[in-house]
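Student: Sharing a model prediction with you, sequence too.
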Amino acid sequence: MSEPSGDTGTALKINYKGITGKILLSYLLVVICSTAITTLSFHSILYDDLERRTREALSRQGFAIAFALSHEKSPAKSYSLTAKPYVFFSYHSIESQYVILDSEENVLYSSLPELFPAGKKLPELPASQYLKFVGRDGKADHPGADLLAVRVPIGAPEENLGSVITFAEVTALESLNRAILLLLLKSTLIALIIALPLALLLGRYLVKPLQSLQDYARSIARRRFDVRLDLKSDDELADLADTFNDMAYQLERYDTSMRRFFQSTSHEIKTPLMSIQGFAEGIRDGVFSGQQADHALETISRECQRLKGLLDEMINLTRQERAGESRYLEPCDIGQIAQEAVETMQGYAVEKKVQVTTDIPAELKVVGDPEKLRRLFGNLLNNAIRHASSRVSIQGRSAPDSRSAILISIQDDGKGFSEQDLEHAFDYLYKGADGSTGLGLSIARLIVDELNGAISLRNAEDGGGLVEIVFTY
């Protein structure tokens, strides 16, 4: 069958409690957190890099000025600059300042004459306190801002011609740093705007097969077990679809089995009821009298016992299939339980002139519910005695192909199983030749399955039917 159709909708309305909304919100949260972490980390790294590059640029400027001054015979009298140098970073620049000092720390020239007037000694100027660390760590205080500074000697150090101090305000670096971070945030915002539609498409791509699964589940709820779901993918959703298909197949089998079960049950109950009704009305109307009435009453009693047996088996079957039924598991002596079943069925065996023997070592134990194990052996033994000619044997031993398994075999010397028996023996209400209620083997299989065992039927090589059960421990 084809995939069930459903109206998935084409509106752009987003349910933020749904999978698509959660994907979008998660995506936004990841982007915001990633951007915040990247920005904080990049801010520190970028500022350190800008400071390093500024120092290098200031040093180059200082050496350039010192080189030009070293070629002047009297730098203090003949050198004068009016242009302010700049430190360039790609498309951005930072204005730098400088101070030229002689060998006695007198200011010869400054790009900031209001702070460093010519002819004054640098240590005597109020602004000198902001440059007192220049030459050691390269950083000094300035009113309202820090100064990033570098001192370079004029000429050779031994000539003692003076020095050049180049410096730039740290606020300029911070401004450049903010401009670069702002560009980064703008780029992130643009990428986010572009990626949001892609995330929305991804969410809808993931939701579409889930909507198909939802429609499929609704079809199953309407008992349309013949519908199969086919997702064109090779991911976990396809595996989930296969699981749904398998569930639908099992439900279809179970539904078919239950329909057949109820039909068969209705027939099994209707037949004795009609017999009881006929004989009861005959006795009431005086049709039967004397021995005929006694025979009618005997038939009514027999049919009532048959109905009671059928209803008891149905109750046992219902209990066995009930999910969550409490189980009392304990180590059980399988030989003792088998012997108790033989003693219970001894009267029936004597009536059928069948001898029952057991051969199960005492050390063989199975962890299970003792009552259910008695029911298991009772049903299998009842079935074996019914079809045996003169003998039924029960044997137990460790499984030859496993050290952690027990093999129990129940064999009769009757005609054995027909091909139809081998195929349908465990079906509900299936009755072969000389069958009773048709539920005994069905209940036996449920008990064995509950104990994680395996049960099978076959014809023995020396004749008769053979039932084999494997328990693991």
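Tutor: That came in fine, so what should we check first?

Student: centroid residue for the protein?
Tutor: Centroid check for the chain by Cα atoms, centre = their mean gives Glu236 as the closest residue, at 9.6 Å.

Student: quick one: Lys415 from Ala425, how far?
Tutor: Going from Lys415 to Ala425 by Cβ to Cβ, to the nearest Å gives 14 Å. Backbone N, C-alpha and C define where each C-beta goes, glycine included.

Student: Looking at the two now, which is surrounded by more residues?
Tutor: Ala425 (25 against 16; other Cβ atoms under 10 Å).

Student: wait, doesn't the more buried one sit right on Leu457?
Tutor: Yes - the pair Ala425 / Leu457 is scored as a contact, 5.6 Å apart, by Cβ atoms under 8 Å.

Student: which residues are common contacts for those two?
Tutor: Taking Cβ atoms under 8 Å, 6 or more residues apart in numbering as the criterion, Ala425 and Leu457 both touch Phe417.

Student: all strands of the stretch 301-450 of the chain, in order?
Tutor: Assigned by DSSP state E, counting those that start in this stretch, the stretch 301-450 of the chain shows strands spanning 330-333, 355-359, 365-368, 391-398, 405-412.

Student: Including distance to Arg55, could these go into CSV?
Tutor: Listed next are those as CSV, based on distance: least, Cβ to Cβ, whole Å:
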stretch, distance to Arg55
strand 330-333, 83
strand 355-359, 98
strand 365-368, 80
strand 391-398, 86
strand 405-412, 81
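
Student: Most tightly packed of those strands?
Tutor: Here the criterion is mean neighbour count by mean count of other Cβ atoms under 10 Å, and of those the winner is strand 405-412, at a mean of 21.

Student: Direction included, what does that strand pair up with?
Tutor: Take DSSP bridges as the rule and strand 405-412 pairs in its sheet with strand 391-398 (antiparallel), strand 465-472 (antiparallel).

Student: Report the inter-axis angle for that strand versus strand 355-359.
Tutor: Angle, strand 405-412 to strand 355-359, by axes from the mean of the first three to the mean of the last three Cα atoms, to 10 degrees: 170 degrees.

Student: can you list contacts of strand 405-412?
Tutor: So strand 405-412 is contacted by 334, 338, 354, 360, 364, 366, 380-381, 384-385, 387-389, 391-400, 460, 464-473 (Cβ under 8 Å, 6+ apart).

Student: are any of those buried, and which?
Tutor: Buried members of the contacts of strand 405-412, scored by 16 or more other Cβ atoms under 10 Å, are 334, 338, 354, 360, 364, 366, 380-381, 384-385, 387-388, 391-396, 464-471.

Student: Arg375 is in contact with Ile443, isn't it?
Tutor: Yes - the pair Arg375 and Ile443 qualifies as a contact (Cβ under 8 Å) at a distance of 6.9 Å.

Student: quick one on the thing from earlier: show me the one of the strands paired with strand 405-412 that comes nearest Ile23.
Tutor: strand 465-472 (45.5 Å; Cβ to Cβ).

Student: Low-confidence stretches in the stretch 151-300 of the chain?
Tutor: 233, 260-261, 263-265, 267-268, 271 (pLDDT under 70).

Student: 50 instead, please
Tutor: Within the stretch 151-300 of the chain, no range satisfies pLDDT under 50.

Student: ok, now the stretch 351-473 of the chain?
Tutor: Those would be none, if you go by pLDDT under 50 across the stretch 351-473 of the chain.

Student: quick one: the helices in it?
Tutor: Along the stretch 351-473 of the chain, the segments classed as helices by DSSP state H, counting those that start in this stretch run 370-387, 419-424, 440-450.

Student: which strands and helices sit next to the first one?
Tutor: The helices and strands touching helix 370-387, judged by 3 or more Cβ pairs under 8 Å, 6 or more residues apart in numbering; DSSP states H and E, are strand 330-333, helix 334-344, helix 346-351, strand 391-398, strand 405-412, helix 440-450, strand 465-472.

Student: just the last one next, same as before
Tutor: In this structure, helix 440-450 packs against helix 291-321, helix 370-387, strand 454-459, with contacts taken as 3+ Cβ pairs under 8 Å, 6+ apart.

Student: what does the shortest one give?
Tutor: Counting contacts by 3+ Cβ pairs under 8 Å, 6+ apart, the secondary-structure elements packed against helix 419-424 are strand 454-459.

Student: how about the strands in the stretch 101-250 of the chain?
Tutor: 107-110, 139-142, 145-153, 163-169.

Student: what's the most buried one of those strands?
Tutor: strand 163-169 (a mean of 25).

Student: Packing partners of that one?
Tutor: helix 19-70, strand 97-101, strand 145-153.

Student: element containing the closest residue to Ala296 other than its chain neighbours?
Tutor: The shortest distance from Ala296 to any non-neighbouring residue, by Cβ to Cβ, 6 or more residues apart in numbering, is to Phe279 (4.0 Å). Assigned by DSSP states H and E, Phe279 belongs to helix 236-284.

Student: what's that helix packed up against?
Tutor: Against helix 236-284 (3+ Cβ pairs under 8 Å, 6+ apart) you get helix 170-221, helix 291-321.

Student: Any idea how far the first one is from the middle of the chain?
Tutor: So that's helix 170-221. Here helix 170-221 is found 24 Å from its chain centre; the criterion is Cα atoms, centre = their mean, to the nearest Å.

Student: With the last one instead?
Tutor: Remark: helix 291-321 is offset 52 Å from the chain centroid, using Cα atoms, centre = their mean.

Student: Helix 370-387 and that helix, what's the angle between them?
Tutor: Going by the same axes, to 10 degrees, helix 291-321 makes 140 degrees with helix 370-387.

Student: what do you get for the first one?
Tutor: Regarding helix 170-221 and helix 370-387, their directions subtend 40 degrees when assessed with the same axes, to 10 degrees.

Student: Which strands or helices does helix 170-221 pack on?
Tutor: With 3+ Cβ pairs under 8 Å, 6+ apart as the test, helix 170-221 has helix 19-70, strand 92-95, strand 145-153, helix 236-284 packed against it.

Student: Apply 10 Å and report the result again.
Tutor: helix 19-70, strand 86-89, strand 92-95, strand 139-142, strand 145-153, helix 236-284 (3 or more Cβ pairs under 10 Å, 6 or more residues apart in numbering; DSSP states H and E).

Student: That concludes my questions; thank you for your assistance.
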